[in-house]
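Enquirer: Prediction below, plus the sequence it came from.
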Amino acid sequence: MTQPAPPGGPGGHALVTLDGRYHIVERIAAGGMGEVFRAHDAVLAREVAIKVLHRSLAGDQAFVDRFRREARAAAGLSHPNIVDVYDWGAVDGIYYMVMEYVRGRASRELLNQYGNFEPAQAAELVRQTLLGLGTAHHRGLVHRDIKPENILITTDGVVKVTDFGLARAYADGRQTQAGTVTGTVQYLAPEQIRGEPSDPRSDLYSLGVVTYELLTGKLPFTGETAMSIAYKHLSDRVPKPSTVLASVPEDLDGFVASATERDRELRPESAGAMRLDIEAIAPALPAARSLAALVGDMPEVLDDDGNVTEAVAVATATATQTITRTVRTRRRRWRRGLAVVLAVVALAATAWTVWTYAIPHKATVPPLVGATVNDARSQLVDLGFAVRIADGRYDLKVAKGSVLRVLPASGAILKRGETVTLIPSLGLPPVDVPSVAGKPLDKARALLSKNDLTLSVGKRAYDDQVPAGSIINQDPASGQLPQGSAVTVVLSQGPAPRPIPKVVGKDQAVAEQRLAAAGFSVSSQEAFSNSVAAGRVISVSPDAGTTTPYGTTVTLSVSKGPETFPVPDFRGLSRGAAQDLAAKDGLVLDLRAVPGTSGSLVWSQKPGVGTTVRYGDSITLFLV
């Protein structure tokens, strides 16, 4: 519900109690999408931050539908490096989102105070941010507006990304205006500026720009107008941070360059891959004070009455405007309306009564070992506990993603609001990946099986060195993998097919030599030939030039020269019949008529019948 408030409040009203559950304590930020309030959750007895949308946005049904969809998705995220979304809804035309109340500072405030971060501090902030982004991206959520204002740091040095869901809902609404680009242009990826769909690599580009700003205290691109800055994102490369601050290590120059490639295909393929890059660089960076120390050394924040309050970091409810809380000078406001005083007193009395009599103050930690981390977290939150997710540990019995250990142990009785730590299982410990390159497929599979890994044939390829059926290479080539993981191999098909050389007419020995050099086996057979000299190749099978698998047997037909046969009997044949018979056998006739005769019939022949001759030999016939 709402009640009238002094003039000047948003919409002429100030929130006192929202949905009968959330008692508003103070307004702590405002922006293009709405206002942020600190509130007390009377049901779970905890402080929360509530984003309330401007009524102008609440009147846009399309935006409201997007807000509901994105808020539901954001509420499904659960990660130590993401600001939790506890609840969302609408009451009396007021649309709101209830979130974790983060004690700490926004990265923007630290930049304003210190100018820039030390390399090790920037690396740690980016590493934790990537942990949060990796979880969101895995769930299909792209932030779209990564910037220092949306990266918070708690007093314990834990980095938390905020504004998931709202950024996208607001951006989708603004993009209905032709020719507009929604977002904080200094951090937008080129594809966002071009109006293309955002993907996880768009967030990585923005985080690359944030890394540049953390290291140097400056933005890579500035200009008099938003369009001039956008043009630089499209046409220029982000400079090396070391050109602004020489103390920035070369490895961080490369990290920023990789993250801010204009072509998204050239950026790290995922938040996880980018995190591995920064984790590889971090150990070599000079030691620096912790993020928690930076937050702890910030000046105190005063309330409107000049009293010291706890530092609180919140994100503004906008994707295009940055609102930063500033350190206010100590002052007192003595004039306060009687109605406001009475409302505060009534609220305090109601809250005290509910806290004292209606809400249990202690609860027992339930048995959670073996439950999924998300289920365990939900149970603990429902009981009023704060939840911390510690680094996971490998275990042979508890499945990956389930609770391995609870601190304090199940059965402990704690005050509501105290922290319960969950240690998740990482599943089976990783195993070494053996090298199987060059090994036959069955032996490679057996070797991987010994290490609790499986073999997956990714593709087959020709290779002149690796025999068919053996492994050419593998992915990964070495390192470690979780047990049960697959190692993808490229299986050799042996040498590629090749054309058969032209050897027809060549001497048999020369032909066999050329075929063997081309990778073929050779067999030969002899045949008579009236046109090819003995010992030379008459033909090949398959034909010359045919592309044939390596190692195929090529058959040579080798000439034995012309075939021999007995001379036929021409005697008694007419001149024409004798010529036909000679042509059939390839013989050349020498016809001689006996003087004084008609010379029409064969009387005798030389050589005689049955004599062995060859194709093309001459036969003399005597005719009478």
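Expert: Nice, thanks for sending it over.
Enquirer: Give me the neighbour count for residue 78.
Expert: Close neighbours of residue 78, defined as other CB atoms under 10 Å, add up to 17. All C-beta spots, glycine's among them, are computed from the backbone N, C-alpha and C.
Enquirer: Please list all residues in contact with it.
Expert: The contact partners of residue 78, taken as CB atoms under 8 Å, 6 or more residues apart in numbering, are 84, 135, 373-374, 377.
Enquirer: Equivalent analysis for residue 50, please.
Expert: So residue 50 contacts 18, 22, 24, 36-39, 96-99 (CB under 8 Å, 6+ apart).
Enquirer: How about residue 81, nearest residue that isn't a chain neighbour?
Expert: residue 132 (3.3 Å; CB to CB, 6 or more residues apart in numbering).
Enquirer: Show the contacting residues for residue 153.
Expert: Contacts of residue 153 by CB under 8 Å, 6+ apart are 104-107, 110, 125, 159-160, 291-292, 294-295, 313.
Enquirer: Can you tell me which of the residues you listed are buried?
Expert: Among the contacts of residue 153, those classed as buried by neighbour count (16 or more other CB atoms under 10 Å) are 104-107, 110, 125, 159-160, 291, 294-295, 313.
Enquirer: From residue 41, how far off is residue 28?
Expert: Taking CB to CB, to the nearest Å as the measure, residue 28 falls 16 Å from residue 41.
Enquirer: whoops, residue 534 was the one
Expert: Distance from residue 534 to residue 41, by CB to CB: 106 Å.
Enquirer: the strands in the stretch 451-600 of the chain, which residues?
Expert: Using DSSP state E, counting those that start in this stretch, the strands assigned to the stretch 451-600 of the chain run over residues 454-461, 471-475, 480-482, 486-492, 498-499, 521-527, 537-541, 547-548, 553-559, 564-566, 588-593.
Enquirer: can you check the stretch 51-200 of the chain too?
Expert: Counting by DSSP E, counting those that start in this stretch, the stretch 51-200 of the chain has strands at residues 85-91, 94-100, 104-106, 151-154, 159-161.
Enquirer: Tell me which of those strands sits nearest to residue 143.
Expert: strand 159-161 (6.9 Å; CB to CB).
Enquirer: Count the residues that sit near the residue nearest to residue 81.
Expert: Residue 132, neighbours per other CB under 10 Å, totals 23.
Enquirer: wait, isn't it in contact with residue 125?
Expert: No: using CB atoms under 8 Å, residue 132 makes no contact with residue 125, being 11.2 Å away.
Enquirer: what separates the helix ranked longest in the chain from the chain centre, distance-wise?
Expert: Counting by DSSP state H, the longest helix found in the chain is helix 119-138. On the basis of CA atoms, centre = their mean, to the nearest Å, helix 119-138 is displaced by 16 Å from the centre of the chain it belongs to.
Enquirer: give me every residue that touches the closest residue to residue 104 other than its chain neighbours.
Expert: Distances taken as CB to CB, 6+ apart put residue 154 closest to residue 104, at 3.9 Å, once the chain neighbours are dropped. By CB under 8 Å, 6+ apart, the contact list for residue 154 reads 102-104, 160, 292, 295, 313.
Enquirer: Any idea which of these the model trusts least?
Expert: For the contacts of residue 154, the model is least confident at residue 313; its pLDDT is 55.
Enquirer: Which pLDDT does the model give the residue nearest to residue 81?
Expert: If you check residue 132, the pLDDT there is 95.
Enquirer: tell me, what's touching residue 132 and residue 125 both at once?
Expert: Common neighbours of residue 132 and residue 125 (CB under 8 Å, 6+ apart) are residue 159.
Enquirer: coming back round to it: output the buried ones among the contacts of residue 153 as TSV; include the columns distance to residue 413.
Expert: Shown next, in TSV, are the buried ones among the contacts of residue 153 (distance: CB to CB, whole Å):
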residue	distance to residue 413
104	29
105	34
106	37
107	38
110	39
125	37
159	32
160	29
291	33
294	36
295	32
313	32
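Enquirer: rewinding a little: looking at residue 534 and residue 41, which has the bigger crowd around it?
Expert: Neighbour comparison, residue 534 and residue 41: the larger count goes to residue 41, with 18 against 13 (by other CB under 10 Å).
Enquirer: Alright, I will stop here.
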